[in-house]
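S.K.: Quick one: sequence and predicted model below, then my questions.
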Amino acid sequence: MSDKSRLVTLLLGSYLGMFGGHRFYVGKIGTGIIWLLTFGLFTIGWLVDTILIITGNFYDKDGKQILAWTRTCDMEGKVLHYTV
């Protein structure tokens, strides 16, 4: 499971998805640039990504599934709990 937040990914996808904001966040820089230059792959890619994020089938650059909506960390930044 990825350490990236599904909630943050969804919010970035909703507001900046046409410009690849969610893809830059999860480390997919190459496809983020493509989304940026093609306006979310002509909006079709943006729509597909939004559905994948909502259903929990979106992956980060390392191939890890982005499942956790939120996470709880201690003062040192160590993850204590994921909310899936």
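M.R.: Received it, and whenever you're ready, just let me know what you need.
S.K.: Please identify the residue most distant from the middle of this protein.
M.R.: Within the chain, M75 marks the point farthest from the mean C-alpha position, 24.5 Å out by CA atoms, centre = their mean.
S.K.: now the closest residue to N57 other than its chain neighbours: how far from E76?
M.R.: Beyond its immediate neighbours in the sequence, the residue positioned closest to N57 (CB to CB, 6 or more residues apart in numbering) is Q65, lying 7.3 Å away. To be clear about C-beta, it is placed using only N, CA and C from the backbone, and glycine gets the same treatment. Between Q65 and E76 the computed distance is 26 Å (CB to CB, to the nearest Å).
S.K.: For the two, indicate the residue with more neighbours.
M.R.: Here Q65 and E76 are compared on neighbour count by other CB atoms under 10 Å; more neighbours surround Q65, at 14 against 5.
S.K.: right, and the helix or strand after the longest helix belonging to the chain?
M.R.: Across the chain, the helix with the greatest residue count (assigned by DSSP state H) is helix 29-42. Reading on from helix 29-42 to the C-terminus, the next helix or strand found by DSSP states H and E is helix 44-55.
S.K.: So which bits of that following helix are buried?
M.R.: Using 16 or more other CB atoms under 10 Å as the test for burial, helix 44-55 gives G45, W46, D49, T50, I53.
S.K.: can you list the residues you listed in TSV and add distance to S5?
M.R.: Formatted as TSV, the entries for the buried residues of helix 44-55 read as follows, by distance: CB to CB, whole Å:
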residue	distance to S5
G45	21
W46	19
D49	15
T50	16
I53	11
